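S.K.: Build me a model:
(one chain, ligands or ions: 1)
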Amino acid sequence: MPDATPQLPAAAVPSLGPVDQVRVLTRVLLGPVLKGPIVRRPTAVGLAERIDADAAGVAEMQRLRSRHGAGPVQLRLPGRRIALLLDPEDVHRVLNGSPEPFSPATLEKRGALNHFEPGNALVSSPQQRLSRRPFNERVLETERPVHGHAEQMSAVITEEVEALLGHADFTGTLDWHGFAVMWGRMVRRIVLGESARDDVQVSDDLRRLRERGNLSYLMPQNRRLRERFLGRLQEYVDGAEPGSLAAMVARTPATAEAHPVQQIPQWLFAFDAEAWATFRALSLLVAHPGAADEARRDMSQVPDLPYLRATVLESLRLWPTTPLILRDTTTETRWRNGLLPAGTALVIFAPFFHRDDATLPEAHRFSPDLWMRDRDDDDWPLVPFSGGPGMCPGRNVVLLTSSLVLGELLSRRELTAGKPLDTGHLPGTLSPFSSTFTVRSR
Ligand code: HEM
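M.R.: Next up, the predicted model:
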């Protein structure tokens, strides 16, 4: 059954000419692929920062919109038909229409994620999603701003940030490497339990599997490594250490089809995105006069943290960690300018909607207020966590834990950025990997 939409032109959605197609491929789609969709390549991210690659992508999308109106527009590649969305209304329609007729389990995602989590919600059929998505929501307590394990999470964060700052005091600098080591320990304790703090093997196995995922179908699967990795996760679930998400997995009822253990790699993997967003949020707070003080004041409102949560959302608006939100059409779909056949890849290039200065006056400035006022989802083009039935079920865990890390860092030390940030017009790309902060006691 074709899905119902406005007008009924029988022609296909317009395709781009060869020159425009090359421009879109190089300026919009290539960047996220080279940076590493599943595990980031810091060198490629650094290069993208130097050439401000995401700003070029946004400008290209604006040019397409001025030529083609609200779109969408098609690219015809050998073996793959891709449609780019140009209008927020279409973004909402697509995200709200998951998993049918707009499936999150796209060809490319299945190729990438099957390396380490073939039973995950994200790469499931609509039938399989019926058990896997609710399982994620129950463990991550999607609708609760403050997770039931918040106290344990907060205690872990206090300890790990203290250890990190002890190290930073010694060198005088907080850099990505130190932050990432702290982050890995924190995530393993929160997700798997106390005994996983120093289990770098489990993180390393996942990193190796994700590196294969970066190349999707081009790389054969390493089943032995995947089995070892998933087996280790099963041991943590069996151990069910109190206060860990693994313990919640153990006690949450699930059918075999829900594959509880295979939901965990996505959490471990997605916490990486949170690390980048948190380090960038720290850059924002340190660069804007008064922002660090406002963040410190927020710490008297634990666990609500309204300003810090809005800051994390701003970090994700300015530099979305899922720049390409993808859906595959499962049936023929009708758009204002024509039809798209089943099997078309739909691309939502988040930086375009988040940084569109034609529609968003605050596009390039740090504006936490955007997230603190009432808003109407219909005209809201910001989708850092996606939207609709496929929206990130971990978003509240992210906002809580990221805010706590930022609050702990800033209330304990005075931080100064190693490289200045142009606060009048924030860059399109910001690499967290090269950010450094000078650390002084308060
Ligand atoms: C900054 C951090 C994060 C961001 C920006 C983020 C964003 C997203 C986005 C955009 C999606 C949808 C992907 C798609 O449609 O293809 C997603 C899905 C998902 N996220 Fe997150 N995420 C983050 C962290 C987390 C964390 C820490 C967890 C778990 C603890 C998590 C759990 C999930 C799961 C399970 C899905 C799949 C949902 C489904 O298929 O229904 N995420 N996330």
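S.K.: Starting from the helix or strand Ala48 falls within, tell me the next helix or strand along the chain.
M.R.: Here Ala48, judged by DSSP states H and E, is contained in helix 42-50. Under the assignment DSSP H and E, the closest C-terminal helix or strand after helix 42-50 is helix 53-68.
S.K.: For the stretch 201-350 of the chain, which segments count as helices?
M.R.: 223-239, 245-251, 264-287, 291-298, 306-318, 350-354 (DSSP state H, counting those that start in this stretch).
S.K.: right, is the fifth one up against the ligand?
M.R.: Read that as helix 306-318. Yes: Helix 306-318 lies within reach of the ligand by C-beta under 6 Å from any ligand atom, at Leu316. C-betas here are computed from N, CA, C, even on glycine.
S.K.: Run a quick neighbour tally on Leu140.
M.R.: Leu140 has 21 neighbours, counted by other C-beta atoms under 10 Å.
S.K.: if I read this right, it contacts Gly394, doesn't it?
M.R.: Yes: counting by C-beta atoms under 8 Å, Leu140 does reach Gly394; the two are 4.9 Å apart.
S.K.: Work out the gap between the lowest-mean-pLDDT helix or strand in the chain and the centre of the chain.
M.R.: Ranked by mean pLDDT, DSSP states H and E, the weakest helix or strand in the chain is helix 30-35, scoring a mean of 92. Centroid separation for helix 30-35 versus its chain: 15 Å, with C-alpha atoms, centre = their mean, to the nearest Å.
S.K.: Could you do stretch 302-322 as well?
M.R.: 12 Å.
S.K.: That one - what's its average pLDDT?
M.R.: Average pLDDT, stretch 302-322: 97.
S.K.: hang on, the earlier thing: mind listing what's buried along the helix holding Ala48?
M.R.: Ala44, Val45, Leu47, Ala48, Glu49 (16 or more other C-beta atoms under 10 Å).
S.K.: Rounded mean pLDDT for that helix, please.
M.R.: Helix 42-50 comes out at a mean pLDDT of 94.
S.K.: who in this structure is up against the ligand?
M.R.: Counting by C-beta under 6 Å from any ligand atom, the chain sits next to the ligand at 104, 121-122, 133, 136, 140, 266-267, 270-271, 273-274, 277, 316, 321-322, 325-326, 384-386, 390, 392-394, 397-398.
S.K.: Give me the residue ranges of the chain where confidence is low.
M.R.: 1-9, 377-379 (pLDDT under 70).
S.K.: which phi and psi does Tyr367 have?
M.R.: Check again: residue 367 is Ser, not Tyr. Per-residue torsions, Ser367: phi -140, psi 70 (degrees, to the nearest 10).
S.K.: Kindly report the same for Ser402.
M.R.: Dihedral angles (degrees, to the nearest 10) for Ser402: phi -60, psi -40.
S.K.: so who does it touch?
M.R.: Glu274, Ala277, Thr278, Ala281, Leu308, Val312 (C-beta atoms under 8 Å, 6 or more residues apart in numbering).
S.K.: at 6 Å what do you get?
M.R.: Applying C-beta atoms under 6 Å, 6 or more residues apart in numbering to Ser402 gives the contacts Glu274, Thr278, Val312.
S.K.: Distance of the residue of the chain found nearest the ligand relative to Ile190?
M.R.: Closest residue of the chain to the ligand, C-beta to the nearest ligand atom: Gly394 (2.5 Å). Using C-beta to C-beta, to the nearest Å, we find Gly394 at a distance of 11 Å from Ile190.
S.K.: which residue sits closest to Pro303 in space, ignoring its chain neighbours?
M.R.: Excluding its sequence neighbours, the residue lying closest to Pro303 (C-beta to C-beta, 6 or more residues apart in numbering) is Val146, at 4.7 Å.
S.K.: Return the distance of that neighbour relative to Thr416.
M.R.: 32 Å.
S.K.: do the same with Glu227
M.R.: 47 Å.
S.K.: on that earlier part again, helix, strand or coil for the residue nearest to Pro303?
M.R.: With DSSP: H, G, I helix; E, B strand; the rest coil as the basis, Val146 sits in coil.
S.K.: Can you get me a residue count around it?
M.R.: Count around Val146 with other C-beta under 10 Å applied: 18.
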